[in-house]
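Enquirer: Quick one: sequence and predicted model below, then my questions.
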Amino acid sequence: MAEQTEFDRSVERQSYDSLPRHPLIICASLVQNPANLGALCRTVEAFRLVSLVLADQAIVQTSPFRNLAASTHYWQPIEICPIAQLSEWIVQQRQMGYSPIALDTQPTAIPLTQFAFPQTTILILGQELTGIPEAVLAQCDRAVTIPQYGLVESLNVQTAAAIAIYQYVQQWGMERSKAAKLLEQPITERSDEKD
């Protein structure tokens with residue numbers, strides 16, 4: 001069995017805010033399930049995305065959200081955009097250079113494996129069961145879908161988002177900072193660099 005090596009997380013906590021983020025915004029204003037949103041927060045933070053957008057700040061205080069977020073809500077930037085303001089928010093983000101892309105199951109959606117994400121993207125997620133309203137879809141530059149082969153026509157929203165996020169990061173992966181690289185080295189190796 002391989003020997004376990006201790007990792008020093010103090011570098012991460014001290015430098016975390018200054019590390020780069022992928023310019024992908026996950027807009028989950030339409031998502032209602034707190035557990036799905038907590039899991040989304042955990043995924044968004046794991047990939048160091050610029051923002052997670054929720055409909056209401058109060059959802060972050062719920063037990064289902066916190067149980068699945070596993071404290072990532074302390075590290076992940078979260079924006080609030082109520083559903084009633086979503087259309088206006090999309091317009092504002094577009095003016096800042098972001099391209100709204102819907103993650104949807106509609107027949108005209110582009111398969112995710114064939115889609116080239118713009119670097120500054122907002123990934124719009126739909127409500128569980130009903131998806132993305134037509135008015136919001138009309139504001140999106142494109143709709144993408146995850147090819148599936150089973151009888152069930154859709155994935156859980158958090159699972160689908162995680163797959164799309166991974167595809168985005170594969171296309172736009174960032175150069176890792178020295179601080180991020182240091183986190184992967186055992187403490188004994190880091191002490192040699194201080195000299």
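Expert: Cool, the structure landed. Numbers count the residues shown, from 1 in each chain.

Enquirer: Where does pLDDT dip in this protein?
Expert: Counting by pLDDT under 70, the chain contains low-confidence ranges at 1-16, 174-195.

Enquirer: Please, where are all the helices along it?
Expert: Assigned by DSSP state H, the chain shows helices spanning 10-15, 34-46, 63-69, 86-95, 134-139, 157-172, 178-183, 187-193.

Enquirer: and the one residue sitting closest to the centre of the chain, what is it in contact with?
Expert: Most central in the chain under Cα atoms, centre = their mean is residue 44, positioned 3.2 Å from the mean C-alpha point. Residue 44 sits next to 26, 51-52, 72, 76, 165 when contact means Cβ atoms under 8 Å, 6 or more residues apart in numbering. The way it works is simple: take the backbone N, C-alpha and C, and place the C-beta from them, glycine included.

Enquirer: Not including adjacent chain positions, what is the nearest residue to it?
Expert: Here the nearest residue to residue 44 in space, its sequence neighbours aside, is residue 52; by Cβ to Cβ, 6 or more residues apart in numbering that works out to 4.5 Å.

Enquirer: Same check on residue 91?
Expert: Counting by Cβ to Cβ, 6+ apart, residue 139 is the residue found nearest to residue 91 once chain neighbours are left out, at 7.5 Å.

Enquirer: Can you report how many residues neighbour that neighbour?
Expert: Burial of residue 139, expressed as a neighbour count using other Cβ atoms under 10 Å, amounts to 16.

Enquirer: on that earlier part again, output the helices of the chain in CSV, with distance to residue 111 appended to each entry.
Expert: Conversion of the helices of the chain to CSV gives the following (distance: least, Cβ to Cβ, whole Å):
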stretch, distance to residue 111
helix 10-15, 36
helix 34-46, 21
helix 63-69, 28
helix 86-95, 23
helix 134-139, 17
helix 157-172, 10
helix 178-183, 31
helix 187-193, 43
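
Enquirer: Tell me which of those helices is the most buried.
Expert: Among these, helix 34-46 has the highest mean neighbour count (mean count of other Cβ atoms under 10 Å), at a mean of 23.

Enquirer: Quick check: beta-bridge partners of residue 101?
Expert: The residues listed as beta-bridge partners of residue 101 by DSSP bridges are residue 123, residue 142.
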